[in-house]
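Q: sequence unavailable; structure follows:
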């Protein structure tokens, strides 16, 4: 199966086939999918009842537990990040100390500049943008076309194709990496190689059965009357895709885009193989590891922090969509 | 929200008619994606089985019976790889399965600042795994690494983490759990929010304390989700690679060689594609059992 789906440990996103991203009853601007900021937690009944919490003892226990949990979360998840970000601003001796100060002895924000220049991060970022961006474009376009055709045009034997794509869900992500590499290094019939070529990232990205399924399920739910109405107005299949299906599908396209892009950006094993002969053209994940041995620790830390920026940024911008994606996975 | 209408019965418009033109256009739209699936999913799935019975040398392959399998079975690394992988998966199951569930239950009880918990727990998921692995390798540095500092600060004995055969696997599990538990937690959280509140009310009226409400309402109500995520986690952790490659390189003394790492070694360091494919085929068959179970479960459950 496609390298690009997700890095193996992240595979719980594989719950995708059970994703149910619903079609709104009528088309509406996809900009604001029901923003429930009205503290839903206030009303929902959970393990502990509101009555218990409103008692004096309940309040004391709640706030004690609450502060404790906040502290644990900060210590477990945020502190390591803080340590890495400030570690990137320490000097090399400072890093080697066995009893370091909480903050750097001397702040060296210039390390980040050095990391950017010395490791040519800009160059590797561009590589990654080209590979992940192209992979995303190919995956989204080709999967949307195929899912639309199989869902709404229903050609003869289409169910066989859908079945075959479903069956590829059975193939584990990485167990096939060697035969896939052999295919990429020597394409049958055309006898060319995709090694050291962004197409070696783009084309396998399309073979993503999970994302195909999310799209097809969504298209399946679009009411038939809408399609028929458009057809009476003289809209052909492509016109129906463009003016009815795609506007409706904006939220689901967003979810698939984020899943696909983040997975492609984070991918490691597949680009490691595709660019094994030429690290210079590799994406940033591969380059970081390749350069890590010859780089000072503080510079490497700064580079690592910089390398995480794009995905963290995507997350913070599209947080609502990402939570929605996870939510729809759980609502099986 | 209208239910999707059954799409079988319509023939009044060409949207569902099997006209030649309609079929052709549909096939045209499907073809590029199908080509990609064929090249990078279906064909490799067959090729891996065939190659596992062949001797492969720079593009020419000759049938060789079970030679590849015999060779890998006699490789001491083979036993180590499977043992390590099972150990990794087992520990990851306890940690990566129990911890996110408990975390989700706790978050679900919080009446304030839920966005904070959700965001923070998910943040490590968006950090590229390579970066996480590099960071944790630094945290594990004996002496000056973060974890040794914390342990010393608490007057606890320090550990050699990934540098000792005893603790290497556990140390790797900690990294992957930290990096991935956010997604699982969010999925559990949704499951928890779908539990009808009346069930808790009823249990409480019957005199059930917190523990019994958890045991008899929360757990049974999320059982399906727990099972699904357990299967997915097994499938994912059986294929662990990045952390091993970046942090330990299979060491110390093969203590962290996993099956996928060994596949990589066979193919790209020993140039033994036949052996790599034999190993891959074994992993494929083994994991296909779990995938089949997973697919069955999700389909029967709707």
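A: Happy to help now that I have it. Everything numeric here is computed off the predicted structure, so don't read it as measured data.
Q: for residue A:86, grab phi and psi.
A: With angles defined as degrees, to the nearest 10, residue A:86 sits at phi -70, psi -30.
Q: what sits closest to it if chain neighbours are left out?
A: In space, and not counting its chain neighbours, residue A:86 is closest to residue A:104: 5.7 Å by C-beta to C-beta, 6 or more residues apart in numbering or on different chains. In this view, the C-beta of every residue, glycine as well, is placed from N, C-alpha and C.
Q: let me see the contact set for that neighbour.
A: A:86, A:89-91, A:94 (C-beta atoms under 8 Å, 6 or more residues apart in numbering or on different chains).
Q: surely residue B:56 is within a strand?
A: Yes: counting by DSSP: H, G, I helix; E, B strand; the rest coil, residue B:56 is located in a strand.
Q: who wins on neighbours among the contacts of residue A:104?
A: residue A:90 (24 neighbours; other C-beta atoms under 10 Å in any protein chain shown).
Q: next one: phi and psi at residue A:186?
A: phi -150, psi 90.
Q: how many other residues sit next to the closest residue to it other than its chain neighbours?
A: Closest residue to residue A:186 apart from its sequence neighbours, by C-beta to C-beta, 6+ apart: residue A:193 at 6.1 Å. Applying other C-beta under 10 Å, we find 14 other residues in the vicinity of residue A:193.
Q: what of the one 5 residues further on?
A: Taking other C-beta under 10 Å as the criterion, the count of residues near residue A:198 is 20.
Q: tell me the secondary structure for the residue nearest to residue A:86?
A: Following three-state DSSP, we place residue A:104 in the coil state.
Q: ok, now how distant is it from residue A:136?
A: Taking C-beta to C-beta, to the nearest Å as the measure, residue A:104 falls 38 Å from residue A:136.
Q: kindly report the same for residue B:92.
A: Distance, residue B:92 to residue A:136, by C-beta to C-beta: 29 Å.
Q: please apply the same query to residue B:138.
A: 31 Å.
Q: the two - which one has more neighbours?
A: residue A:136 (23 against 20).
Q: just the contacts of residue A:104 now: which is nearest residue B:97?
A: For the contacts of residue A:104, the closest approach to residue B:97 (C-beta to C-beta) belongs to residue A:86, at 32.9 Å.
Q: just the buried positions in stretch B:235-254, please.
A: For stretch B:235-254, burial by neighbour count (16 or more other C-beta atoms under 10 Å in any protein chain shown) applies to B:235-248, B:250, B:254.
Q: who touches the lowest-mean-pLDDT helix or strand in chain B?
A: Least confident helix or strand, chain B: strand B:60-63 with a mean of 78, by mean pLDDT, DSSP states H and E. Strand B:60-63 is contacted by residues B:51, B:53-55 when judged by C-beta under 8 Å, 6+ apart.
Q: residues touching the residue in the stretch 1-150 of chain A that chain B sits nearest to, list them.
A: Going by C-beta to the nearest C-beta, chain B is nearest to residue A:45 of the stretch 1-150 of chain A, at 2.8 Å. By C-beta under 8 Å, 6+ apart, the residues touching residue A:45 are B:197-198, B:200-201.
Q: show me what contacts whichever residue of the stretch 101-250 of chain B sits closest to chain A?
A: In the stretch 101-250 of chain B, no residue comes nearer to chain A than residue B:197, which is 2.8 Å away by C-beta to the nearest C-beta. Contacts for residue B:197 were tallied using C-beta under 8 Å, 6+ apart; they are A:44-46.
Q: for the residue of the stretch 1-150 of chain A closest to chain B, grab phi and psi.
A: According to degrees, to the nearest 10, residue A:45 has phi -90, psi 130.
Q: in chain A, which helix is the longest?
A: helix A:121-148 (DSSP state H).
Q: and residue A:221, how far from chain B?
A: Relative to chain B, residue A:221 is positioned 4 Å away (C-beta to the nearest C-beta, to the nearest Å).
Q: returning to that earlier point: contacting residues for the residue nearest to residue A:186?
A: So residue A:193 contacts A:184-187 (C-beta under 8 Å, 6+ apart).
Q: rerun that using 10 Å as the cut-off
A: With contact taken as C-beta atoms under 10 Å, 6 or more residues apart in numbering or on different chains, residue A:193 is in contact with A:184-187, A:199-200, A:274.
Q: likewise for residue B:143?
A: So residue B:143 contacts A:96-98, B:149, B:152, B:158 (C-beta under 10 Å, 6+ apart).
Q: give me the subset of those lying in helices.
A: A:96, B:149, B:152.
Q: dump these to CSV, plus neighbour count and pLDDT.
A: As requested, the ones in helices among the contacts of residue B:143 are exported to CSV (neighbours: other C-beta atoms under 10 Å in any protein chain shown; pLDDT from 0 to 100):
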residue, neighbour count, pLDDT
A:96, 14, 81
B:149, 19, 86
B:152, 14, 86
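Q: of those residues, closest to residue A:307?
A: residue A:96 (23.0 Å).
Q: which phi and psi values does the residue nearest to that closest one when sequence neighbours are not counted adopt?
A: In this structure, residue A:96 finds its nearest non-sequential neighbour in residue B:144, 5.5 Å apart by C-beta to C-beta, 6+ apart. The phi/psi pair for residue B:144 (degrees, to the nearest 10) reads phi -100, psi 0.
Q: residue A:154 too?
A: phi 40, psi 70.
Q: ok, now the one 3 residues further on?
A: For residue A:157, the backbone dihedrals are phi 70, psi 10 (criterion: degrees, to the nearest 10).
Q: what is the mean pLDDT for stretch B:225-234?
A: For stretch B:225-234, mean pLDDT is 88.
Q: quick revisit: what's in contact with the following helix or strand past the longest helix of chain A?
A: Downstream of helix A:121-148, the first helix or strand assigned by DSSP states H and E is helix A:158-167. Applying C-beta under 10 Å, 6+ apart, the contact partners of helix A:158-167 are A:17, A:143, A:146-147, A:149-151, A:154-155, A:157, A:207-209, A:212-213, A:216, B:18, B:23, B:26-27, B:30-31, B:33-34, B:37-38, B:41-42, B:45, B:295, B:299.
Q: which among those count as buried?
A: Buried among the contacts of helix A:158-167 (16+ other C-beta under 10 Å): A:17, A:143, A:146-147, A:149-151, A:154-155, A:207-209, A:212-213, A:216, B:23, B:26-27, B:30, B:33-34, B:37-38, B:41-42, B:45, B:295.
Q: what's near enough to touch residue 284?
A: Defaulting to chain A. By C-beta under 10 Å, 6+ apart, the contact list for residue A:284 reads A:119, A:121, A:123-129, A:131-132, A:265-266, A:271, A:303-304, A:306-308, A:310, B:128, B:130-131.
Q: try chain B instead
A: Contacts of residue B:284 (C-beta under 10 Å, 6+ apart): A:170-172, A:175-176, A:179, B:44-45, B:48-49, B:52, B:277, B:291.
Q: same check on residue A:101?
A: A:90, A:94.
Q: quick revisit: and which of the contacts of residue B:143 is nearest residue A:286?
A: For the contacts of residue B:143, the nearest to residue A:286 is residue A:96 (27.6 Å; C-beta to C-beta).
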